[in-house]
Every structure is written in C-alpha cells, then in structure tokens.
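Trainee: Quick check, what structure comes out for this input:
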Amino acid sequence: MNRRDIALRYFDENKDFMNNYVPAQIERNRKGDIHINVTDKDGNPVKNAKVVIKQKSHAFHYGANIFMLDEFETEEKNKIYRDEFSKTFNLATVPFYWSDLEPEQGKPRFSADSPKIYRRPATDLCVDYCLEKGIEPKCHCLNYDNFLPAWLKDVDVATHKKCLDKRFRELAEHYADVIPSWEVTNETFNTQWEFPNNGQSKFYKEDDFVEWSFRMADKYFPSNRLIINDYLVFEESYRENRSPYYMQIERLMNNGITHLDSIGMQFHSFFGKDMEQDMAKTRYNPLYLYEVLNKYAQLGKKIQITEMTIPAHSNSPEDEEVQAELIKNLYSVFFSHPAMEAIIYWNVVDGYAAFAPQGDMTAGENVHYGGIRRFDLSEKPASKVIKDLFTKEWHTETEETTDENGKAKLRGFYGEYEMEIHTPDKTVKSDISISEHRNGFIDVTI
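Mentor: Numbering: from 1, shown residues only. Model prediction:
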C-alpha cells in the first residue's frame, strides 16, 4: 500500500460525505443571499439592469504564523515571504511570547528596530505589515507559562500576578485597537515534558491560573475577541465531553467566565510516516473530525483551528502531493462546519520551524517537512491548494439581471464585494457585504 492510500484512506472511504455532505454544509454555512432593489430617481423600478458582484475578501479567516517576517538570511527570501504571505492569507498569528517580547524586565521589544530574536520578529513590525497588507493580526499569547522570561520564573504567585497585570495593561494600551483577537491561555495541560528546561511557575500550579487570566483579559480587552487554545483535542476518545479540554472550558463557563469567545484547537500532526496508518483513523478521518467539532460546538462558542501542521515527511514530489491533498480535504471539512471561524496554518516555510537550526531537516519540527513552501521559498503544491480554495473554489463572481420590479437576488460567500449595476445609460459602483449578521436587502438608486 502506497503512502497516499494510507494517509487518505478515510477520506476515500467516505467519498459520499466529502463529495455531498461537506459541499452542502459549505453552501449552507458559508454563503448568503443579497436582494438588490434598483429604482430610478423618481422611485420607479429599473428592469433589465445588470448587477455584477466580485468578491474582494473573505469574512472567514485563514492564516498562518508570521514568525519569519524579515527573519531570513537573505533579503531575497525576506521579499518573497512578504509578497507571498499576503497573497495566501488574510490573518497572521503574531508572536507575543513573554520570554522574547520582554527578555529584560521593563524593556519590551515592541519597536520594529528592537534587537532581533530568531522567529520572534518585533510586534510593531508584524502589526504594521498586517495593516499595510489588509491582513488581520492575532495575538499568541497573553499568558503562556512555557515561555516565561528568566527574571520571572522563580517569583511568588502575588508578584507573578502583579507582573501579568502590567503585561496585560501594556499590551492593551499598545494593541487593543488594532489586534481584534487575543489568545489568553495556551497549552495549560502540563507540557513540561515538551519543554523540560522551562519548568513551570508557581502561579501555573494554582487552581485559578486559567480563570484569573480570563478575568484579567476581560478587564483590559473588554471589546476584543478572547480565545482559549490547547492541543488535547483530536486524540483518540476526545470526542466525548469528558476530555480534559472540554471540561476545562465547561468549568470556566460554570465559574462565571462569560467573555470567552472562541475555542482554539491545535492540529499539529507531528508524527512520523511509520505512524500515519494508525493516526489516520482519527486525524485524517472526516467522520471522526466532525464528531469532535460537533461535541465542542455544544459549548456554544465559535471554533478555530489555531495551529495546523500537515507533514509531507520529505521533499519528494509524491509526498508533497499527499500533503496537498490532505490539506485540501482537511480545510474542506473544517470550513464546512458551522462553528468554525478560522483555520490557521503554522510554519509557512520548511527548514525554519521550532527547535532546530535553520535548514537542518533532521531536527526539531523541521523533520516533518510541514511547511507549504520549501527551504528556498519555492511553492509546494500545498500552498497552491490553500490559495486556490479561497480565491477560486470558495470565491464568488456572479451577475444577475433585475426583473420587472427592479429586483435581483445574488448568492455568494460571506465577505466584502465590489458591486456594479449597469444600465444602457450609466454604471453605478459601490462596495457591499454579504454577511450572516446583516440584513441582505440593498436599495440602489440609478
């Protein structure tokens, strides 16, 4: 059995689900109608006017981390990354790891000209790039205990909370108006095995670690989207409501945490090719994935795939094609679910992942070849798949003609549009939205 048959077995076995149910869900959950009423200046209906809409952007968020912004060893690579990131994504995860944002107490690395730290570009640099390119920046993460500055690790709980209060306040002052979404906590299920040299703070071991963090986030970010994020989501048997993450979120809600908007789910497939047959039973199984998503949707919150890595395992053409096909299927499943609001890939480029020197494909997360671009930044099939999904397959350009009553109905993916209305005498242009949250009736006077 070749690798494709192993990795894609459950997508192949559930073709009816993938070819019928998933597209029907996308049609139901990601598209809406607009009703155009065209009249002349006297209020009379204008019939036979051509109404054309062209999608400019998606309401749904699809992104990646932007940890390599201006971090490459050559200016040529930096330019390619800057150009291609904005062509591929509409959201960027910005690194707010406390250990690297404030390595020296009281001197946060906000400014674009701050001393460089690998894979941790200055936050102003990232935010400015996003605003320039029309990309939404997202914070990762307010209180992540695995990446604490050295000056904080051994302090008592009261001092730790005081420092966190200051951090939250300063970040809100700098960025609350320009960064809509903030991950509040991340990986809170004792990840000392993953980061054995980091240890854990005294505060981490307190019962109120997560609850306190969300209450403090609500204090300083009352109008922002607050997200919880973790990785214990898609493992075997985690479709039940007794999984640790589900119960953690349920406890937060029962303890009066009302400002929790989104449930972040990591989807790093960090396993070798030899494990793919076993792991595909769950991670690459559309029915299982839907069971998990349906279970968490019962909590009444939106869901984000916050960190996705799909391994190619090598740079062979065959492995890269399997990676691309997996990504297409997984994005389709996630995009189709009514609770999903974002899919965020993790490392864009092979050879620049965590816990390994640049270009060393034998160490750290590099071993999985999980990027969507190669080390030289050339495009892998996976990158083209993501771009094609959101700019071609899940993209609307359509036209209709008004009836005798001057009315036309058009249907498209939720997002921002340019609309043109053509009559023999004139053309009128305007920007409109198709949104699940807005009235879909638009009056236009010619």
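Trainee: What residues are bridge-paired with E183?
Mentor: I227 (DSSP bridges).
Trainee: if I read this right, it contacts L142, doesn't it?
Mentor: Yes: at 6.6 Å, E183 counts as touching L142 under the criterion of Cβ atoms under 8 Å. The C-beta positions use only the backbone N, C-alpha and C, and glycine is treated the same way.
Trainee: And the helices in the stretch 51-200 of the chain?
Mentor: Assigned helices in the stretch 51-200 of the chain, in chain order: 75-88, 98-101, 123-133, 157-175 (criterion: DSSP state H, counting those that start in this stretch).
Trainee: Mean pLDDT added to those, as a markdown table?
Mentor: As requested, the helices of the stretch 51-200 of the chain are arranged in a markdown table below (pLDDT from 0 to 100):
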| stretch | mean pLDDT |
| --- | --- |
| helix 75-88 | 98 |
| helix 98-101 | 98 |
| helix 123-133 | 98 |
| helix 157-175 | 98 |
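Trainee: so how far is D278 from I6?
Mentor: The gap separating I6 from D278 is 10 Å, by Cβ to Cβ, to the nearest Å.
Trainee: any weak-confidence spans in the protein?
Mentor: 190-199, 237-238 (pLDDT under 70).
Trainee: make it 80
Mentor: Scanning the chain for pLDDT under 80 picks out the ranges 190-199, 236-239.
Trainee: spatially speaking, which residue is in the middle of it?
Mentor: I344 (2.9 Å; Cα atoms, centre = their mean).
Trainee: Quick check: which element contains that residue?
Mentor: Using DSSP states H and E, I344 maps to strand 340-345.
Trainee: same for that strand, what does it pack against?
Mentor: strand 61-65, strand 91-95, strand 302-309, helix 317-336 (3 or more Cβ pairs under 8 Å, 6 or more residues apart in numbering; DSSP states H and E).
Trainee: Need the ones you listed in a markdown table (columns: mean neighbour count and distance to V385).
Mentor: Converted to a markdown table, the helices and strands packed on strand 340-345 look like this (neighbours: other Cβ atoms under 10 Å; distance: least, Cβ to Cβ, whole Å):
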| stretch | mean neighbour count | distance to V385 |
| --- | --- | --- |
| strand 61-65 | 22 | 12 |
| strand 91-95 | 23 | 17 |
| strand 302-309 | 23 | 13 |
| helix 317-336 | 20 | 5 |
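Trainee: Could I get those in a markdown table, plus columns for distance to L389?
Mentor: Listed next are these as a markdown table, based on distance: least, Cβ to Cβ, whole Å:
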| stretch | distance to L389 |
| --- | --- |
| strand 61-65 | 8 |
| strand 91-95 | 15 |
| strand 302-309 | 14 |
| helix 317-336 | 6 |
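Trainee: Tell me which of these lies nearest to S262.
Mentor: Closest to S262 of those is strand 302-309 (Cβ to Cβ; 4.6 Å).
Trainee: angle of the closest one against strand 61-65?
Mentor: Angle of strand 302-309 versus strand 61-65, following axes from the mean of the first three to the mean of the last three Cα atoms, to 10 degrees, is 40 degrees.
Trainee: how far does stretch 268-277 sit from the chain's center?
Mentor: Its chain's average C-alpha position is 22 Å from that of stretch 268-277, according to Cα atoms, centre = their mean, to the nearest Å.
Trainee: what residues are up against the residue nearest to L8 when sequence neighbours are not counted?
Mentor: Nearest residue to L8, sequence neighbours excluded (Cβ to Cβ, 6 or more residues apart in numbering): E325, at 6.1 Å. Neighbour list for E325: R4, L8, V385 [criterion: Cβ atoms under 8 Å, 6 or more residues apart in numbering].
Trainee: now Y352
Mentor: When contacts are counted by Cβ under 8 Å, 6+ apart, Y352 touches M68, E71, F72, R119, Q358, N366, G371, F375.
Trainee: which one of those residues sits closest to S433?
Mentor: Of the contacts of Y352, the one sitting nearest to S433 (Cβ to Cβ) turns out to be M68, at 32.6 Å.
Trainee: do you know how far that closest one is from R119?
Mentor: 7 Å.
Trainee: Compare these two (neighbour count), which wins?
Mentor: M68 (23 against 17; other Cβ atoms under 10 Å).
Trainee: Quickly list what the closest residue to V127 other than its chain neighbours is bridged to.
Mentor: Distance criterion Cβ to Cβ, 6+ apart; nearest residue to V127, sequence neighbours excluded, is P137 at 5.1 Å. Note on P137: beta-bridge partners A92, judged by DSSP bridges.
Trainee: In contact with P137, which residues?
Mentor: Contacts of P137 (Cβ under 8 Å, 6+ apart): L91, A92, V94, C126, V127, C130, L131, V178, I179.
Trainee: For the residues you listed, give me a markdown table that also has distance to Y290.
Mentor: Below are these laid out as a markdown table (distance: Cβ to Cβ, whole Å):
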| residue | distance to Y290 |
| --- | --- |
| L91 | 23 |
| A92 | 28 |
| V94 | 31 |
| C126 | 34 |
| V127 | 35 |
| C130 | 32 |
| L131 | 36 |
| V178 | 35 |
| I179 | 31 |
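Trainee: Note down every partner strand of whichever strand or helix holds K409 and its orientation.
Mentor: According to DSSP H and E, K409 maps onto strand 407-413. Paired strands of strand 407-413, with direction, are strand 31-39 (antiparallel) (DSSP bridges).
Trainee: what's in contact with the partner strand?
Mentor: Counting by Cβ under 8 Å, 6+ apart, 45-46, 49, 51, 53, 396, 400, 402, 406-414, 419, 421, 432, 434-436, 440-446 sit against strand 31-39.
Trainee: hey, C-alpha coordinates of it in PDB?
Mentor: The C-alpha trace of strand 31-39 is given here as PDB (Å, rounded to 0.1, in the frame of the first residue of the first chain):
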ATOM      1  CA  LYS A  31     -22.800  31.700   1.800                       C
ATOM      2  CA  GLY A  32     -25.700  34.100   1.900                       C
ATOM      3  CA  ASP A  33     -28.200  35.900  -0.300                       C
ATOM      4  CA  ILE A  34     -28.400  39.600  -1.100                       C
ATOM      5  CA  HIS A  35     -31.500  41.100  -2.600                       C
ATOM      6  CA  ILE A  36     -30.900  44.200  -4.800                       C
ATOM      7  CA  ASN A  37     -33.700  46.700  -5.400                       C
ATOM      8  CA  VAL A  38     -32.900  49.100  -8.200                       C
ATOM      9  CA  THR A  39     -35.000  52.200  -8.800                       C
END
